[in-house]
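J.: 3D model of this:
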Amino acid sequence: MAGGWSEWREDRWQSTPALAPKDEASFTFPDAQGRPVSVRTPLQTVRQVVHAGPTTYLTTPDEVFVVSSGKLDSLAWPNRVPVNQLAVSPTGVPYVATETGLHQWTAPGWKTIRVADE
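T.: Predicted coordinates:
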């Protein structure tokens, strides 16, 4: 199993055994307080982890997840276009960038945002 977390301690990078993947179908990461959280999604598919207050977002190429209280929930990414990057606004609204544009989460779904280059 490839992957793993490291942290800067005692002037060097050291592995963090508490965050080692449990199996091929799991991903373990630190929550906003540094505590281990394990979810059922393959480690190899996770592209990004974003903390926004007590909430954590995970992205894979074809899905956006929200993790709260250790529970993984899909935000039902509808596009066949891969997720490139996720950002969360200061008010807690997730945005996804793809090769076709910018998308905003507005419960219960995603809305495409028009971006103009003036």
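J.: any low-confidence regions in the protein?
T.: Along the chain, segments meeting pLDDT under 70 span 1-3.
J.: spatially central, which residue of it would that be?
T.: residue 58 (1.7 Å; C-alpha atoms, centre = their mean).
J.: quick check: which element contains the nearest residue to that one once chain neighbours are set aside?
T.: Nearest residue to residue 58, sequence neighbours excluded (C-beta to C-beta, 6 or more residues apart in numbering): residue 65, at 4.5 Å. All C-beta atoms are positioned from the backbone trio N, CA, C, and that covers glycine. Per DSSP states H and E, residue 65 falls inside strand 63-68.
J.: just the CA trace of that strand, in PDB.
T.: Extracted in PDB, the C-alpha atoms of strand 63-68 (Å, rounded to 0.1, in the frame of the first residue of the first chain):
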ATOM      1  CA  GLU A  63     -16.600  13.100  -6.600                       C
ATOM      2  CA  VAL A  64     -16.700  15.700  -3.800                       C
ATOM      3  CA  PHE A  65     -17.300  14.400  -0.200                       C
ATOM      4  CA  VAL A  66     -18.000  16.200   3.100                       C
ATOM      5  CA  VAL A  67     -16.700  14.600   6.300                       C
ATOM      6  CA  SER A  68     -18.400  15.600   9.500                       C
END
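J.: counting by contacts, list what it packs against.
T.: Where contact means 3 or more C-beta pairs under 8 Å, 6 or more residues apart in numbering; DSSP states H and E, strand 63-68 is packed against strand 36-39, strand 55-60, strand 71-74, strand 94-98.
J.: dump stretch 96-110 to CSV, keeping only the CA atoms.
T.: C-alpha atoms of stretch 96-110 as CSV (Å, rounded to 0.1, in the frame of the first residue of the first chain):
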residue,chain,number,x,y,z
VAL,A,96,-15.1,23.2,-7.5
ALA,A,97,-12.9,24.1,-10.5
THR,A,98,-12.9,21.9,-13.6
GLU,A,99,-11.6,22.4,-17.1
THR,A,100,-15.1,23.5,-18.1
GLY,A,101,-15.6,26.2,-15.4
LEU,A,102,-16.3,27.0,-11.8
HIS,A,103,-19.1,25.4,-9.8
GLN,A,104,-20.7,26.3,-6.5
TRP,A,105,-22.5,24.0,-4.0
THR,A,106,-26.0,25.3,-3.3
ALA,A,107,-28.0,22.7,-1.5
PRO,A,108,-29.4,20.5,-2.9
GLY,A,109,-26.9,20.6,-5.9
TRP,A,110,-24.2,22.2,-7.9
